[in-house]
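A.B. asks: I'd like to go over a predicted model; first the sequence, then the structure.
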Amino acid sequence: MIGPELKFKEQVVIVTGSSSGIGKACAIYFANQGAHVVVNYASNAEEGQKTLEEILANGGSAILVKADVSREDDVLALFRETVSTFGRLDVLVSNAGLQKDSPFMEMSLQQWQKVIDVNLTGMFLCCRAAARQFVAQEKEASEVSHSELAIGKIVMMSSVHDVIPWAGHVNYAASKGGVMMFMKSISQELAPHKIRVNSVSPGAIKTPINQEVWSDPEKYKGLLNLIPYKRIGTPQDVAKAVGWLASDDSDYVNGETLYIDGGMTLYPEFADNG
């Protein structure tokens, strides 16, 4: 249900790849905090509609827009429809991503390119469009704002594999390593415009993409050996962190990566002296 604090009341938020998993949780979180949410999907209209209906059923405000973030025309259309419907943009959660796993020596160029196109180029296209919109609407404002707060916020979805190598998933790990430096670089460049850019890097999260692991008791037990906190994360764990980074509560946080991983990046293999 709509929350009492309404930290994002009347703000407009795009969440790419929000038909399932972490993106869906983020879309619902922002809607429950009073935001107008743009739910985005690339191919699964049915799942996108479910996210939309859940938001509307809880009294939230949202629209559903199809767009493949790796295609420039689709991204531009996504942002046009957002502004046409809600009049502005306040937050971009650049979440859309995928995996195409393969041993390195067997990986096809298509497998490599698809992951890079969505996970990294998609970030470029969406963040560029968001930054342009933030600057344009600030210039068009009838009254000059004297607020010290950001004029727009971007939160990118990375992964613990922006620092943890992942054999058999080199396309995915390379894309997330790229996201880290992309985020830091544009954060540095956009900060003078009062645009904040940060990222979150989830560890093992209970989503459909890794259901094969968490739904198998033996595999799940092995997974917990990599997590000092001894539980798998939930999409809501990540959504709350994204919400904090997009809120005014974190206004002095810029160019940072927040790891939501139960300690997975703490080298748990060395807990008993290695």
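C.D. replies: Here it is on my side, so go on.
A.B. asks: Quick check on D272: phi, psi?
C.D. replies: Per-residue torsions, D272: phi -110, psi 40 (degrees, to the nearest 10).
A.B. asks: nope, K153 is what I meant
C.D. replies: Torsion angles, degrees, to the nearest 10, at K153: phi -130, psi 140.
A.B. asks: Just the pLDDT for P4.
C.D. replies: On the pLDDT scale, P4 is placed at 56.
A.B. asks: List the contacts of A271.
C.D. replies: With contact taken as C-beta atoms under 8 Å, 6 or more residues apart in numbering, A271 is in contact with P228. For the C-beta atoms, the positions are set from N, CA and C on the backbone; glycine is no exception.
A.B. asks: likewise V91?
C.D. replies: F8, Q11, V12, V13, I14, F30, A35, G152, K153, I154, V155, A246.
A.B. asks: that's a helix at L125, yeah?
C.D. replies: Yes. Assessed with DSSP: H, G, I helix; E, B strand; the rest coil, L125 lies in a helix.
A.B. asks: thinking again about what came up before, any idea which of the contacts of V91 is closest to L64?
C.D. replies: I14 (11.8 Å; C-beta to C-beta).
A.B. asks: what about that closest one, how many neighbours?
C.D. replies: For I14, the neighbour count with other C-beta atoms under 10 Å is 31.
A.B. asks: partner strands of the host helix or strand of it, parallel or antiparallel?
C.D. replies: Applying DSSP states H and E as the criterion places I14 in strand 12-15. Applying DSSP bridges, strand 12-15 is found paired with strand 36-41 (parallel), strand 91-94 (parallel).
A.B. asks: And the longest one, what's buried?
C.D. replies: For strand 36-41, the neighbour count (16 or more other C-beta atoms under 10 Å) marks H36, V37, V38, V39, N40, Y41 as buried.
A.B. asks: how far is that strand from where the chain is centred?
C.D. replies: In terms of C-alpha atoms, centre = their mean, to the nearest Å, the centre of strand 36-41 is found 12 Å from the chain centre.
A.B. asks: What average pLDDT does whatever helix or strand comes next after that strand get?
C.D. replies: Of the helices and strands lying after strand 36-41 in sequence (DSSP H and E), the nearest is helix 45-57. Averaging pLDDT along helix 45-57 yields 98.
A.B. asks: returning to that earlier point: considering the contacts of V91, which is situated nearest to N198?
C.D. replies: Nearest to N198 among the contacts of V91 is V155, at 5.7 Å by C-beta to C-beta.
A.B. asks: by contact count, what packs against the helix or strand containing that closest one?
C.D. replies: In the assignment (DSSP H and E), V155 maps to strand 152-157. Counting contacts by 3 or more C-beta pairs under 8 Å, 6 or more residues apart in numbering; DSSP states H and E, strand 152-157 is packed against strand 91-94, helix 122-140, helix 170-190, strand 195-202, helix 235-246.
A.B. asks: Of the ones you listed, give the one that comes closest to V160.
C.D. replies: Ranking the helices and strands packed on strand 152-157 by proximity to V160 (C-beta to C-beta) places strand 195-202 first, at 5.3 Å.
A.B. asks: any idea of the angle the closest one forms with strand 152-157?
C.D. replies: With axes from the mean of the first three to the mean of the last three C-alpha atoms, to 10 degrees applied, the angle from strand 195-202 to strand 152-157 works out at 20 degrees.
A.B. asks: quick one: which helix or strand includes Y259?
C.D. replies: Counting by DSSP H and E, Y259 is part of strand 257-260.
A.B. asks: What strands flank that strand, and is each parallel or antiparallel?
C.D. replies: Strand 257-260 sits in its sheet next to strand 195-202 (parallel), going by DSSP bridges.
A.B. asks: How about the next helix or strand after the partner strand, which residues are buried there?
C.D. replies: Heading C-terminal from strand 195-202, the first helix or strand you meet, by DSSP H and E, is helix 211-214. Across helix 211-214, burial judged by 16+ other C-beta under 10 Å covers W214.
A.B. asks: any idea how far the following helix or strand past helix 211-214 is from the chain center?
C.D. replies: Downstream of helix 211-214, the first helix or strand assigned by DSSP H and E is helix 217-224. Centroid separation between helix 217-224 and its chain, computed with C-alpha atoms, centre = their mean, is 26 Å.
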